[in-house]
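# No letters, just coordinates:
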């Protein structure tokens, strides 16, 4: 078979996302948006551009939570802002508590 290295897989996903971006700016997508019912329109959106928007939100949410946990541990380790450190540690315990293992399975 063909060599499926990181760059070839990345180029494939780049090709898919460029095609999706190009398709969403066409007149055909506008005509579909005008004529489709709400359920079908949402299905069309989430199957095309909505997938990439959803991935973007997941990445930003993950980085936001990780940065808050990092800042909380930094505040707790240095002793600066003790109330902020306590609130971030409570949030981290809620997010990464015992129920976190259920979502990994």
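Alright, I've got the coordinates. Here the structure is a predicted model, which means the values were calculated and not measured.
# which secondary structure elements does whichever strand or helix holds residue 90 contact?
According to DSSP states H and E, residue 90 maps onto helix 82-95. Helices and strands touching helix 82-95, by 3 or more Cβ pairs under 8 Å, 6 or more residues apart in numbering; DSSP states H and E, are helix 49-78. C-beta here means a position set from N, CA and C on the backbone, and glycine is covered the same way.
# Pull out the buried residues from the helix it packs on.
49, 68-69, 72, 75-76 (16 or more other Cβ atoms under 10 Å).
# Tabulate those residues in TSV, adding columns for pLDDT and distance to residue 32.
TSV is the format used below for the buried residues of helix 49-78 (pLDDT from 0 to 100; distance: Cβ to Cβ, whole Å):
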residue	pLDDT	distance to residue 32
49	86	12
68	80	40
69	78	42
72	78	46
75	80	50
76	78	52
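# Farthest-apart pair in the residues you listed, please.
In those, two members sit farther apart than any others by Cβ to Cβ. They are 49 and 76, at 40.9 Å.
# And for residue 17, the neighbour number?
Neighbours of residue 17 under the rule other Cβ atoms under 10 Å: 14.
# wait, I meant residue 88
When neighbours are defined as other Cβ under 10 Å, residue 88 has 20 of them.
# phi, psi of residue 37?
Residue 37 adopts backbone torsions of phi -70, psi 170, taken as degrees, to the nearest 10.
# and the gap between it and residue 53?
21 Å (Cβ to Cβ, to the nearest Å).
# swap in residue 92?
According to Cβ to Cβ, residue 92 stands 27 Å off from residue 53.
# With residue 25 instead?
Residue 25 is 15 Å from residue 53, by Cβ to Cβ.
# just residue 44 next, same as before
Distance from residue 44 to residue 53, by Cβ to Cβ: 13 Å.
# Same check on residue 93?
When distance is defined by Cβ to Cβ, residue 93 is 31 Å away from residue 53.
# before we move on, what about residue 71?
27 Å.
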